Every structure is written in structure tokens, then in C-alpha cells.
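Just the structure for this:
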Amino acid sequence: MQAWLDSVLQLLALPEFGLSTLFVASFISATLLPIGSEPVLFGLLKLNPDMFWQAIFVASVGNTLGGALDWWLGYGAHKVADKYAHSKHHTRVLGWLERMGPKACLLSWLPIVGDPLCAVAGWLRMPFWPCLFYMAIGKFLRYLTMTAALLYVFPS
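Residues are numbered from 1 along each chain as shown. Sure thing, here's the model as predicted:
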């Protein structure tokens, strides 16, 4: 079993597999599933420090596309959300999102609330392309900041 695990880890450490693994992990982590992509990004960069910008780019794209999936899921979820439309908290949050518009998607990088925020933006039928643009900016800045901080705290 250990030999098999070692061979899989060596395979994933190769740059061509490492970036695809990072893409899948960052895509899945942007959905409502509680999976983090930062450990994958950090591990890849510890094994391949020269791939910093490629890894940041791939993680940002994967995470942004996952946010886009959330947007589309929210876009089609009117019936479920209508069930909760009468709570005070729901009304207050929706009012804030409607005032902010697509710029609220800059906060899509936040843990716990960021992914549902993308879904709510779709549910509110906010314009897709501006939302995607702001999601991409927020997610890129998150990966850049977190990775730089981790590499600073845990140098080689």
C-alpha cells in the first residue's frame, strides 16, 4: 500500500499532473463542498517553486470557474429560495446584495459565505460576466496573498 501511495504522490508532483490536480481541487473547493485547495497549491509550490505564477493562475481559473458553476446553480434555484423569502435576515442580505450588485462577488474568496454568495448572485440574476470578472479578481488576490504568506512563513 505504501509503495502505491508513494507512486501516486510522485505522479502528482510532476508539473503536468500537479497543475491539473490543482485545477480540479480549486474548482471543487469553489463549489459548496467543504474542500480547501490551498494545501494543494502550497504543496505544489513547495515541490516546484519555479511554478509560482502558473500555479496561482491555474488555481484562480479553477476557483473562478467553480464560482461560475455556483452562479448558474443559483440562477436556477428560485423555487428553493422562495421557501425562505420571508425571514428578516434573508431580506436584509438580499437588499445588501442588490445594492452592491456584481461587485459583491469580490467577496467570493471569503470562507463559508463566499461560495453561497456566488449562488445568490445567480439567483438574483445579476449579470454573469461582471460577476465572473469580480469573482476572478477576488479569487486571484486571495491565492496570491495566501500563497505568498505561506511561502514567507514556511520558506524552503
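
Low-confidence bits of this structure, can you list those?
5, 8-17, 32, 78-86 (pLDDT under 70).

Would you state the helices of it in chain order?
Per DSSP state H, the chain carries helices over the ranges 2-13, 15-30, 38-47, 52-75, 78-82, 88-100, 114-123, 128-153.

Tabulate these in TSV, adding columns for distance to Leu106 and mean neighbour count.
Yep, even glycine has a C-beta here, placed from its N, CA and C like the rest. Converted to TSV, those look like this (distance: least, CB to CB, whole Å; neighbours: other CB atoms under 10 Å):
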stretch	distance to Leu106	mean neighbour count
helix 2-13	32	10
helix 15-30	15	19
helix 38-47	19	18
helix 52-75	11	21
helix 78-82	22	11
helix 88-100	9	12
helix 114-123	10	23
helix 128-153	4	17
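
got those as JSON lines, with distance to Leu107 columns?
Formatted as JSON lines, the helices of the chain follow (distance: least, CB to CB, whole Å):
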{"stretch": "helix 2-13", "distance to Leu107": "31"}
{"stretch": "helix 15-30", "distance to Leu107": "13"}
{"stretch": "helix 38-47", "distance to Leu107": "17"}
{"stretch": "helix 52-75", "distance to Leu107": "11"}
{"stretch": "helix 78-82", "distance to Leu107": "19"}
{"stretch": "helix 88-100", "distance to Leu107": "9"}
{"stretch": "helix 114-123", "distance to Leu107": "6"}
{"stretch": "helix 128-153", "distance to Leu107": "6"}
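
Now that Leu124 has come up, it's in contact with Trp96, right?
No: under the criterion of CB atoms under 8 Å, Leu124 is not in contact with Trp96, lying 11.1 Å apart.

Leaving out sequence neighbours, find the closest residue to Asp70.
Cys118 (3.7 Å; CB to CB, 6 or more residues apart in numbering).

next one: Leu97
The shortest distance from Leu97 to any non-neighbouring residue, by CB to CB, 6+ apart, is to Ala104 (5.3 Å).

For the one you found, grab the count of nearby residues.
21 (other CB atoms under 10 Å).

From Gly138, how far off is it?
10 Å (CB to CB, to the nearest Å).

Confirm for me that Leu97 is in contact with Ala121.
Yes: counting by CB under 8 Å, Leu97 does reach Ala121; the two are 7.0 Å apart.

and for the two, which residues touch both?
Common contact partners of Leu97 and Ala121 (CB atoms under 8 Å, 6 or more residues apart in numbering): Ala104.

wait, what's in contact with the residue nearest to Asp70?
Ala30, Gly67, Ala68, Asp70, Trp71, Gly74, Cys105, Ser108, Cys131, Met135.
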